[in-house]
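Participant: Got a sequence here, can you model it:
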Amino acid sequence: MSYSNKKNFIFYLIQNFYVGIIPVLSIAIFSRIFSTSDFGIFALAMVFGNICSSIINFGFHSAYESFYFRIKNQDEKENLFNSLFYFNILVFLVFLIPINFFQNDISYVIFNSNKNSEFILASYIACNLSFLNSFFLFKARNQKNGKINSLIKISIVSIQFIVSIILVFYLEFNIKGLIYAILISNLVVLSYLIIFMINKKESFDAKILKKALIFSYPLLPKLLVGVANSSYDKFIIK
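Facilitator: Okay, the predicted model is just below:
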């Protein structure tokens, strides 16, 4: 189901306002509890997670958007989505094993200490779950369904805010509670989307995956440079 440009504009306007105000409210709350050093650890952990998820994603978001509008058949569009989505999950799980094994070493490289190794694994999972949810955001946007796109984004932000309050104030987590809130919110929404928004009739297509890899893999250096540029200030502060 698609919506008119007027309705989509209203949906995206509400989404942008809500998604913009919640982080400001979160900062106002948690900046009274955590030190700048705590936020520095959080930021560096999320940089690691974002870099890993960018590599694992292979630029498939760009490939999905490009191929989606070239394909006319709806079943083939669903096949495209499923092929890229399932492959991303597979690569995410494969890389999860060595990152879990070497998390102490990675922590020492990033934080000069292995006492924050728990942040490494949590940020890796959280950022990759966020990237997987982005597939559904792109799918809704490509279908001109601003309502679903906004509901997904608002749900993630709302659950993340509520869970972070519970973890930090009631369960007395430290700054890692913010990372776990990102992980849990994305996991909850992703689980729902997999159950109700994936076309189970369409499966994995190796030919489509190969075409997507050929298209997207040259974009990987650009994606990594973009992540590095956006994270440069955090490494300098560190």
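Participant: which ones are touching the closest residue to Tyr68 other than its chain neighbours?
Facilitator: Excluding its sequence neighbours, the residue lying closest to Tyr68 (Cβ to Cβ, 6 or more residues apart in numbering) is Asn142, at 4.9 Å. Yep, even glycine has a C-beta here, placed from its N, CA and C like the rest. Neighbour list for Asn142: 64-65, 68-69 [criterion: Cβ atoms under 8 Å, 6 or more residues apart in numbering].
Participant: Pull out the buried residues from the residues you listed.
Facilitator: Neighbour-count burial (16 or more other Cβ atoms under 10 Å) applied to these gives 64, 68.
Participant: and which of the contacts of Asn142 is nearest Val91?
Facilitator: Of all the contacts of Asn142, Tyr64 has the smallest distance to Val91: 15.2 Å, by Cβ to Cβ.
Participant: pull the longest helix from the protein.
Facilitator: Counting residues, the longest helix found in the chain (DSSP state H) is helix 74-101.
Participant: Leaving out chain neighbours, which residue sits closest to the residue sitting nearest the centre point of the chain?
Facilitator: Centrality entry for the chain: nearest residue to the mean C-alpha point is Ser130, 1.8 Å, by Cα atoms, centre = their mean. Spatially, and ignoring its direct neighbours in sequence, Ser130 is nearest to Asn186 (5.0 Å; Cβ to Cβ, 6+ apart).
Participant: So the one you found is in contact with Phe131, correct?
Facilitator: No - contact criterion Cβ atoms under 8 Å: Asn186 and Phe131 do not qualify, at 9.0 Å.
Participant: Now do the helices in the protein.
Facilitator: Going by DSSP H, the chain shows helices at 5-30, 36-57, 60-68, 74-101, 103-111, 117-142, 146-165, 176-197, 206-216, 220-237.
Participant: Run through the chain and note the low-pLDDT ranges.
Facilitator: Along the chain, segments meeting pLDDT under 70 span 1-4, 202, 218-238.
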